[in-house]
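Undergrad: I'll drop the sequence and a predicted model, then ask my questions.
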Amino acid sequence: AQSVTQLDSQVPVFEEAPVELRCNYSSSVSVYLFWYVQYPNQGLQLLLKYLSGSTLVESINGFEAEFNKSQTSFHLRKPSVHISDTAEYFCAVSDTRDDKIIFGKGTRLHILP
Amino acid sequence: DSGVTQTPKHLITATGQRVTLRCSPRSGDLSVYWYQQSLDQGLQFLIQYYNGEERAKGNILERFSAQQFPDLHSELNLSSLELGDSALYFCASSVGLALTGELFFGEGSRLTVL
């Protein structure tokens, strides 16, 4: 069965500094990978996804994630964070046989002024 | 606004009771997913329905049940409630099977069991 590990439950970072949120997955088959964001008091929203092709995927608000098959990772990065990026970020995986999408426990991003 | 509607937004009840959470998916979406979010367990997949039929099951307790009706709305029934069932319950929908697509989440129903 597939699983997702987000190594950091909280990440504090200064405004305009770079950030990386780590995600590792385990699965015995091909996977699709996702990052979702949950702003305070809201439901989750899709941030970006990897299905196939280029291993680097980008979102419209400056985040990017790179699929690394050998390291079974899908880390999320942003070169310069803004206060509005304060949220909880969830990595998720679905495998190609199964209809389930499994989420990690989330990483809370704190932006420090 | 995701287009997914969940009711009620907040619910406070006592141990041993039974509650029903309701979800209306986005117009045109055939799949409905239920997730439980708690501080210690994170976001746990409970169950998925596709066009009225159960499609996938996750960590759903036997005390919990769900169904999707012909009009595609879904209900999650939680019975013999325990303190540990206090959590935020999310419904999400997708056009088809969500493996490659996007899940649209509602704002959740916060259940507090006293």
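TA: Happy to help now that I have it. Predicted model only: the values in this text are computed from it and were never measured.
Undergrad: what are the ranges of the strands in chain A?
TA: A:3-5, A:10-14, A:19-21, A:24-26, A:31-38, A:44-50, A:56-58, A:64-68, A:73-78, A:87-95, A:101-103, A:107-112 (DSSP state E).
Undergrad: does anything pack onto the helix or strand of chain A with the lowest mean pLDDT? Which helices or strands?
TA: Lowest on mean pLDDT, DSSP states H and E among the helices and strands of chain A sits strand A:101-103, with a mean of 87. On a contact count with 3 or more C-beta pairs under 8 Å, 6 or more residues apart in numbering or on different chains; DSSP states H and E, strand A:101-103 meets strand A:3-5, strand A:87-95, strand B:42-50. Where you see a C-beta, it was placed from the backbone N, CA and C, and this is true even at glycine.
Undergrad: return the distance of that strand from the chain's centre.
TA: In terms of C-alpha atoms, centre = their mean, to the nearest Å, the centre of strand A:101-103 is found 12 Å from the chain centre.
Undergrad: can you tell me what sits against that strand?
TA: With contact meaning C-beta atoms under 8 Å, 6 or more residues apart in numbering or on different chains, strand A:101-103 is reached by A:2-4, A:34, A:36, A:90-94, B:33, B:35, B:42-43, B:45, B:98-99, B:103.
Undergrad: need the three-state assignment for B:Gly84.
TA: State at B:Gly84, reduced to three classes by DSSP: H, G, I helix; E, B strand; the rest coil: helix.
Undergrad: and for it, the neighbour number?
TA: Residues near B:Gly84, counting by other C-beta atoms under 10 Å in any protein chain shown, number 12.
Undergrad: count of neighbours near A:Phe103?
TA: For A:Phe103, the count of nearby residues is 21 (other C-beta under 10 Å).
Undergrad: for B:Arg55, see how far away it is.
TA: 17 Å (C-beta to C-beta, to the nearest Å).
Undergrad: for B:Glu75, same thing?
TA: Taking C-beta to C-beta as the measure, B:Glu75 falls 16 Å from B:Arg55.
Undergrad: ok, of the contacts of strand A:101-103, which come out buried?
TA: With neighbours counted by 16 or more other C-beta atoms under 10 Å in any protein chain shown, these contain buried members at A:2, A:4, A:34, A:36, A:90-94, B:33, B:35, B:42-43, B:45, B:98-99, B:103.
Undergrad: surely A:Ser94 and A:Val29 touch.
TA: No: assessed by C-beta atoms under 8 Å, A:Ser94 is found out of contact with A:Val29, at 10.4 Å.
Undergrad: list the contacts for the most centrally placed residue in chain B?
TA: The residue lying closest to the centre of chain B (C-alpha atoms, centre = their mean) is B:Trp34, at 3.2 Å. Taking C-beta under 8 Å, 6+ apart as the contact definition, B:Trp34 lies against B:Cys23, B:Phe45, B:Leu46, B:Ile47, B:Gln48, B:Ile60, B:Ala66, B:Ser74, B:Leu76, B:Tyr89, B:Phe90, B:Cys91.
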